[in-house]
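In: A structural model of the following input is requested.
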Amino acid sequence: MNTYMRNRQSSVRSHGSSSIVKGFLGLLAGLMIFAGSTKTANADTWRIATLAPDGSSWMKILSKGALDVEEKTGGRVKLKYFTGGSQGDESVVLRKMKTGGLDGGAFTSIGLSQIVPSIRVLELPMIFASDKEMDYVRRKMWGTFMKRFKKKGFHLLAPGNVGPIHFYSNTPIKTASDLKKAKVWLWGEDALVKAMFKRLGVNGVPMGVPNVLPALNTGRINACYGSPLAINALQWHTKVKYATSMTTSYGVSSTVIRNEVWNKMSDEDKKIAKKSFSAHAKKLRSTVRKDNKRAHKAIVRAGIKVIETSPATVAEFDKVAQAVWKDMTGKLFSQKDLDRVLKYRAEFRAK
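Out: Numbers count the residues shown, from 1 in each chain. You can find the predicted model right below:
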């Protein structure tokens, strides 16, 4: 705008008073164009909700990604994050997205599965032996899930990481019998974990993520599960004493944007956004992996004792897990989905 005004002033001096009216009209037109572009920028401010707390590894990188998109699109696309569950649990966020109250969500697999249930095939209990194994399979299948989300009205962005999932409790959990005695949190009505608990004979206590810390504090529950980084970021580690060494699964996450919001962008801005989100998602995956290790060390220093899971208990959980895979086939995902996971897992192990 300043450059435009200087050019108009120069023009007035060069052509005399007869051009003042033209200059004024040009300036007025410029102001109208500027006002219109501001309105468009505001309309393209994406309102995205997440459970990730401010200051967490997830939000640090998501915020950098937001600034990168805004800068590279010249302010045509802006992102505003609502953090720490301020918009409610993921089921609430999804309802708000469907009614237009929010434009997107940075979800764990729980929120993602409420759009496309089959994505939980990547989070089956005991199916992966390492995070690298999970990465390989997820990379092979992510394009399929992007297509499924698109059909449901959402644009699925690049995957992120939650990390290895462990049990945390106020009494030592050495066996499946110990888990049965505990009052274990169940995330809402999570069908996959609920099926696992049913097979194990565990009575989960259903509630949303924002309610877990108060419930641990009052004793309504005395056990929960999550990645070290999530347990630390959400402060749950301050209310538990023990952790299992056994990893039950590897958490999946990603951001989804409503199709009508995504499709408002020009082709150029879509390319910019995709490139930026992919780059920051890659950074996020790497950072979260390192920070999970740091978080584990931090909560151990804080006094949490890691209970080594015996080979016999691991074998018991593995047997139950495979029964759960069968239970969920045809409900959460197809046999074809499961076969593909096992095929790609075998490919990775063969390497």
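
In: Just the buried positions in the longest helix seen in the chain, please.
Out: Using DSSP state H, we find that the single longest helix of the chain is helix 267-301. Buried positions in helix 267-301, judged by neighbour count with 16 or more other C-beta atoms under 10 Å: 269-270, 272-273, 276-277, 280-281, 284-285, 287-289, 291-292, 295-296, 299. Quick note: C-beta positions are derived from backbone N, CA and C, even for glycine.

In: Report the next helix or strand after that helix in sequence order.
Out: The C-terminal neighbour of helix 267-301 among helices and strands, as given by DSSP states H and E, is strand 305-307.

In: Whichever helix or strand comes after that next one: how far from the chain's middle?
Out: Stepping forward along the backbone from strand 305-307, the first helix or strand reached (DSSP H and E) is helix 311-328. Here helix 311-328 is found 26 Å from its chain centre; the criterion is C-alpha atoms, centre = their mean, to the nearest Å.

In: Tell me the buried residues in helix 311-328?
Out: Thr313, Glu316, Phe317, Val320, Ala321, Val324, Trp325, Asp327, Met328.

In: What is the longest strand seen in the chain packed up against?
Out: Scanning the chain for the strand with the most residues, using DSSP state E, yields strand 154-169. Packing partners of strand 154-169 (3 or more C-beta pairs under 8 Å, 6 or more residues apart in numbering; DSSP states H and E): helix 131-151, strand 223-226, helix 228-233, strand 242-244, strand 249-258, helix 259-262, helix 267-301.

In: Among the ones you listed, which comes closest to Ile165?
Out: Closest approach to Ile165 among those (C-beta to C-beta): strand 249-258, 4.8 Å.

In: show me what contacts Arg349?
Out: Arg349 is in contact with Glu133, counting by C-beta atoms under 8 Å, 6 or more residues apart in numbering.

In: hang on, it in a helix?
Out: Yes: assessed with DSSP: H, G, I helix; E, B strand; the rest coil, Arg349 lies in a helix.

In: per-residue pLDDT, it?
Out: With respect to pLDDT, Arg349 scores 97.

In: how close does it sit to Met328?
Out: Relative to Met328, Arg349 is positioned 23 Å away (C-beta to C-beta, to the nearest Å).

In: likewise Leu122?
Out: Relative to Met328, Leu122 is positioned 12 Å away (C-beta to C-beta).

In: Same question for Asn170.
Out: 30 Å.

In: any residues touching stretch 52-66, and which ones?
Out: Contacting residues not belonging to stretch 52-66 are listed as 50, 78-81, 83-84, 106, 160, 229, 233-234, 253, 255, 276-277, 279-281, 283-284, 287-288, 291 [C-beta under 8 Å, 6+ apart].

In: next one: that stretch to chain centre, how far?
Out: Its chain's average C-alpha position is 11 Å from that of stretch 52-66, according to C-alpha atoms, centre = their mean.

In: pLDDT averaged over that stretch - what is it?
Out: Averaging pLDDT along stretch 52-66 gives 93.

In: May I see the buried residues of that stretch?
Out: Neighbour count says stretch 52-66 has Ala52, Pro53, Ser56, Ser57, Trp58, Met59, Lys60, Ile61, Leu62, Gly65, Ala66 buried, by 16+ other C-beta under 10 Å.

In: isn't Val300 right next to Val306, touching?
Out: Yes: counting by C-beta atoms under 8 Å, Val300 touches Val306, with 6.5 Å between them.

In: which residue sits closest to Gly160 in space, ignoring its chain neighbours?
Out: In space, not counting the residues next to it along the chain, Gly160 is nearest to Ser253; the distance is 4.1 Å by C-beta to C-beta, 6 or more residues apart in numbering.

In: hmm, I was thinking of Lys239
Out: Leu216 (3.7 Å).

In: pLDDT wise, what is that neighbour at?
Out: Looking at Leu216, its pLDDT is 98.

In: Next, it: phi, psi?
Out: Phi and psi for Leu216, reported as degrees, to the nearest 10, are phi -70, psi -40.

In: i'd like the first residue to be 254 from this point on
Out: OK, 254 is where the count begins now, so the last one is Leu469.

In: From Met350, how far out is the closest residue to Lys403 other than its chain neighbours?
Out: With C-beta to C-beta, 6+ apart as the criterion, Lys403 has its nearest non-adjacent residue at 6.7 Å, and that residue is Asn512. With distances taken as C-beta to C-beta, Asn512 is found 11 Å from Met350.
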